[in-house]
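A.B. asks: Starting from these lines, generate the structure:
(one chain, ligands or ions: 2)
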Amino acid sequence: MAQDLYQHPDYYLLDELLTDEHKLIRDSVRAYVKKEISPIIEDYAQRAEFPKQIIKGLGEQGCFGPFVPHKYGGPGLDYISYGIMMQELERGDSGIRSTASVQGSLVMYPILTYGSEEQKMKYLPKLATGELMGCFGLTEPDHGSNPAGMLSNYTDAGDHVILNGSKMWISNAPFADIAVVWARNPEGKIKGLIVERGMEGFSTPETHGKWSLRASATGELVFDNVKVPKENILPNVEGLKGPLGCLSSARFGIAWGALGCAMDCYDTALRYSQQRIQFGKPIGGFQLTQKKLAEMITEITKGQLLVWRLGVLRSEGRATPEQISMAKRNSCQTAITIAREARQILGGMGITGEYSIMRHMMNLESVITYEGTHDIHLLITGQDVTGFNAFK
Ligand code: TGC
Ligand code: FAD
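C.D. replies: Numbering: from 1, shown residues only. Ligands and ions are numbered 1, 2, ... in the order given. Below you'll find the predicted structure:
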């Protein structure tokens with residue numbers, strides 16, 4: 001990949017809305033991405049391999065559960081800090097942000113929010129450093145957008161339970177040490193369990209052949225009469241609101257993260273348009289190129305304002321799940337549209353791994369699908385504003 005010259009677009013001087021601490025965090029994660037991610041990511045994506053050596057550095061940057069309090073090994077930061085970190089990571093690659101999102105929002109968040117004190121002390125400090133890595137099992141082969149239909153279940157066997165079922169499309173599954181799994185209890189209620197690698201009957205086959213998120217490891221979770229100690233059940237939540245609460249945290253991070261892809265594509269296309277000469281002048285001088293770039297920066301600026309406001313609301317505990325859905329959907333749509341337009345500006349060079357654009361474009365096909373598809377988020381907004389449920 002060409003040298004990483006990224007400078008973030010800030011057309012409306014939104015840096016002025018950030019604190020000095022936010023800017024320090026951003027600069028630190030950006031420098032980390034330029035040094036450790038950008039030089040290697042294209043190669044790992046081409047080989048469809050997750051660069052495991054970055055786990056320690058991500059932990060040192062505080063990217064695993066930034067909102068987790070000091071008591072449990074986290075940095076105890078606000079949600080704008082979390083958003084900024086996800087934006088910088090995803091600017092590098094959506095697969096890297098995915099790994100951090102899953103660890104922070106889908107593994108640490110449920111343990112922090114629904115776990116016992118013993119579970120928090122046992123798992124959170126090691127998850128914060130990356131000594132332990134986790135994954136999140138909600139989606140099943142026959143239940144994606146409709147997780148309420150899940151079939152995975154457990155029966156009571158005294159001091160432990162017996163877990164059966166399967167999950168698919170699980171980020172980090174092939175190498176995770178623990179999995180936060182959602183399954184039905186003997187009464188049919190959805191509960192969360194912490195399943196550990198090595199438990200008999202638990203396997204995590206890898207999913208191959210992806211054209212998207214190639215630098216992120218994806219797999220299945222298979223439970224064949226797995227004995228899970230009762231102390232591994234998350235005691236403080238029951239029902240679908242458990243996993244959906246985790247999704248609110250992760251979707252918030254994606255809303256910031258996907259904009260990072262958009263900003264990277266815009267920055268690359270702008271620089272290219274100023275340097276590439278055709279018909280005797282830079283292609284940035286043609287009106288059609290300017291239309292593309294002007295529309296990109298307009299959408300990026302609107303998206304930046306939206307996620308910043310959402311960050312304020314989330315830090316104050318006032319962001320609704322529906323507001324988060326709107327931002328996740330808007331950022332993904334903005335990013336995927338900008339990636340496609342930016343690719344056009346680079347002409348043939350746009351399809352090569354010399355530039356990040358095509359990789360972002362392919363990755364965004366997953367990002368616009370996971371954590372609730374584009375249409376599911378539209379229906380969430382539709383239900384919120386009309387009061388009518390169009391899902392069922
Ligand atoms: P519904 O009846 O609407 O809700 C059930 C209960 O949950 C509450 N709730 C939420 N709570 C917190 N946060 C949210 N976002 C919430 N949404 C709903 C709700 O208030 C209710 O509570 P209660 O107390 O009344 O029981 O549920 P539904 O069955 O009608 O489903 C609604 C729907 C379709 C929106 C939901 O199921 C959905 O969001 N579907 C999309 C599935 C999805 O997003 N899956 C993601 C899997 S994980 C993943 O993709 C990780 S990728 C990570 C990476 O690599 O980065
Ligand atoms: P489906 O639910 O079958 O949807 C197919 C199509 O039907 C979509 O266009 C959808 O919008 C549409 N549709 C469905 N219902 C309706 C409706 N009521 N009205 C209108 N249209 C509808 N899951 C996890 O649990 N953990 C993970 O870590 C994880 N990581 C992932 C990583 C990757 C790379 C991918 C691709 C997925 C991952 N997922 C994960 C799963 C992801 O959340 C699901 O793929 C997603 O929720 C959609 O489910 P589905 O693929 O089964 O599609």
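A.B. asks: Residue numbers of the protein in contact with ligand 2?
C.D. replies: 102, 135-139, 144-145, 169-171, 213, 218, 366, 369-373, 375-376, 379, 391 (Cβ under 6 Å from any ligand atom). Every residue, glycine included, has its C-beta placed from N, CA and C.
A.B. asks: cutoff 8 Å now
C.D. replies: By the rule Cβ under 8 Å from any ligand atom, the part of the chain lying against ligand 2 is 98, 102, 106, 135-139, 143-147, 167-173, 210, 212-213, 216, 218, 243, 366, 369-376, 379, 390-392.
A.B. asks: Looking at the residues you listed, which are in strands?
C.D. replies: Counted as lying in strands by DSSP state E, out of those, are 135, 136, 137, 167, 168, 169, 170, 171, 218.
A.B. asks: Can you tell me which of those is nearest residue 36?
C.D. replies: Of all those, residue 36 sits closest to residue 171, with 20.0 Å by Cβ to Cβ.
A.B. asks: could you list every residue that touches that closest one?
C.D. replies: 98, 99, 102, 135, 136, 213, 216, 217, 218, 370 (Cβ atoms under 8 Å, 6 or more residues apart in numbering).
A.B. asks: mind listing what the third one touches?
C.D. replies: For residue 102, the set of contacting residues under the criterion of Cβ under 8 Å, 6+ apart consists of 134, 135, 136, 171, 172, 250.
A.B. asks: For residue 218, see how far away it is.
C.D. replies: 11 Å (Cβ to Cβ, to the nearest Å).
A.B. asks: Same question for the fifth one.
C.D. replies: In this structure, residue 136 and residue 218 are separated by 12 Å, where distance is defined by Cβ to Cβ.
A.B. asks: shared neighbours of these two, anything?
C.D. replies: Contact with both residue 136 and residue 218 is made by residues 170, 171, according to Cβ under 8 Å, 6+ apart.
A.B. asks: With neighbour numbers in mind, choose between these two.
C.D. replies: Taking other Cβ atoms under 10 Å, residue 136 and residue 218 do not tie; residue 136 has more neighbours (29 against 25).
A.B. asks: if I read this right, the more buried one contacts residue 180, doesn't it?
C.D. replies: Yes. Residue 136 lies in contact with residue 180 (Cβ atoms under 8 Å); the separation is 5.2 Å.
A.B. asks: what's the overlap in contacts for those two?
C.D. replies: 106, 107, 110, 246.
A.B. asks: Now the terminal residues of stretch 87-103, how far apart.
C.D. replies: Across its full length, stretch 87-103 reaches 16 Å end to end, with Cα to Cα, to the nearest Å as the criterion.
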